[in-house]
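A.B. asks: got a structure for you, letters missing:
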């Protein structure tokens, strides 16, 4: 088990686009309940099964296993809750940090957010100019909630 | 993905006990919905994550991955739905078939069932004398339902 400490922000403008190439992610849930989230994700030609516990502050228990790509693709298509989440992920390395920009497609088109993983909850963060308001604790932006209530349906 | 074709029966008497040694199984669900069951199981010192789709007849899509034992134990204790299912499993090899007797403990104590995996749905089955009535399609005996409504609470 690893503990994830992540902060999540909205993205401003397009300056980040010059900094990385996007990789296509497809993901779906075998359980989207926050107490025991079970996610299948394909990233390019690899597939992963990820289990997360409940979020306490910015910390969450996480278990991740790589699985055969064909299994992942098949489970996404046949077993996972719909709609799937489809997004392009851009990994941007700045100093010791990796900023992961997610540009959503499909039913969440128009939404762009960025996540950064930290070593501790109180780590001081220098934000690039294209990193906007923090939404770490806003449940609307939890990936599992973007299945139930996609961005294009927000009023 | 593999397809599982299993038939399930009640067990009569104790003649089967001489035929195998039991191994302790602990299992719990990260999702017990029949459309996408996600199960953690420890068997002796190994742990497995198993995903199953909906049962059609006696056939069900199944994906199984071995995971580190400590992960499995931790997820059972912290994330899985309670109560856990605890049982001793006895694998009995007769001819080309393996009969798996499950002697339940804890909240399902008193229940003993046997499962046999077949190559096809119409395979002819010679039942040993200790194999009783068939319960393959009785949902009360689905392991996921033995969490929600354990045997000791049946009226």
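C.D. replies: Yes, it's here. Keep in mind that what you see is a predicted model, and the values were worked out from it rather than measured.

A.B. asks: hey, let's count contacts and neighbours off CA atoms from now on
C.D. replies: Noted.

A.B. asks: tell me which residues touch residue A:91, please.
C.D. replies: Residue A:91 is in contact with A:20-22, A:98-101, counting by CA atoms under 8 Å, 6 or more residues apart in numbering or on different chains.

A.B. asks: name the member of those with the most neighbours.
C.D. replies: residue A:101 (26 neighbours; other CA atoms under 10 Å in any protein chain shown).

A.B. asks: out of everything not next to it in sequence, what's closest to that one?
C.D. replies: Using CA to CA, 6 or more residues apart in numbering or on different chains and skipping the chain neighbours, the partner closest in space to residue A:101 is residue A:114 (4.2 Å).

A.B. asks: one step back: now, the contacts of residue A:91 that are in strands?
C.D. replies: Members of the contacts of residue A:91 lying in strands (criterion: DSSP state E): A:98-101.

A.B. asks: bridged to residue A:11, which residues?
C.D. replies: Residue A:11 forms beta bridges with residue A:131, as assigned by DSSP bridges.

A.B. asks: can you count the residues close to it?
C.D. replies: For residue A:11, the neighbour count with other CA under 10 Å is 22.

A.B. asks: now do it against chain B, distance only.
C.D. replies: According to CA to the nearest CA, to the nearest Å, residue A:11 and chain B sit 33 Å apart.

A.B. asks: same thing with residue A:77?
C.D. replies: Per CA to the nearest CA, residue A:77 is found 12 Å from chain B.

A.B. asks: how much space separates residue A:4 from residue A:22?
C.D. replies: For residue A:4, the distance to residue A:22 equals 23 Å [CA to CA, to the nearest Å].

A.B. asks: typo on my end, it should be residue A:120
C.D. replies: Distance of residue A:120 to residue A:22, computed by CA to CA: 27 Å.

A.B. asks: host element of residue A:136?
C.D. replies: Using DSSP states H and E, residue A:136 sits in no helix or strand.

A.B. asks: the nearest residue to it once chain neighbours are set aside: how many residues sit nearby?
C.D. replies: Nearest residue to residue A:136, sequence neighbours excluded (CA to CA, 6+ apart): residue A:8, at 4.5 Å. Burial of residue A:8 is recorded as 24 neighbouring residues (other CA under 10 Å).

A.B. asks: go on, residue A:96?
C.D. replies: By other CA under 10 Å, the residues close to residue A:96 number 6.

A.B. asks: how much space between it and residue A:12?
C.D. replies: 22 Å.

A.B. asks: how many neighbours does the residue nearest to residue A:101 have?
C.D. replies: Neighbour count for residue A:114, taken as other CA under 10 Å: 23.

A.B. asks: now residue A:104, nearest residue through space, not along the chain?
C.D. replies: Ranked by CA to CA, 6+ apart and with sequence neighbours excluded, the top spatial neighbour of residue A:104 is residue A:87, at 4.1 Å.

A.B. asks: show me which positions of stretch A:41-57 end up buried.
C.D. replies: For stretch A:41-57, the buried set under the neighbour-count rule, 16 or more other CA atoms under 10 Å in any protein chain shown, comprises A:41-43, A:47-53.

A.B. asks: residues from chain A in reach of chain B?
C.D. replies: Within chain A, the positions near chain B by CA under 8 Å from any CA of the partner chain are A:1, A:30-31, A:35-38, A:53, A:63, A:65, A:67, A:71, A:79-80.

A.B. asks: mind giving me the PyMOL command for buried ones among those residues?
C.D. replies: In PyMOL, this line selects whichever of the residues of chain A next to chain B come out buried by 16+ other CA under 10 Å:
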select buried, chain A and resi 30+31+35+36+37+38+53+63+67+71+79+80
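
A.B. asks: just the residues of chain A next to chain B: which are in strands?
C.D. replies: Using DSSP E, the subset of the residues of chain A next to chain B located in strands is A:30-31, A:37-38, A:53, A:63, A:65, A:67.

A.B. asks: show me where chain A has its helices.
C.D. replies: Using DSSP state H, the helices found in chain A span residues A:69-78, A:143-148.

A.B. asks: which of those helices has the lowest mean pLDDT?
C.D. replies: Ranked by mean pLDDT, those bottom out at helix A:143-148, with a mean of 86.
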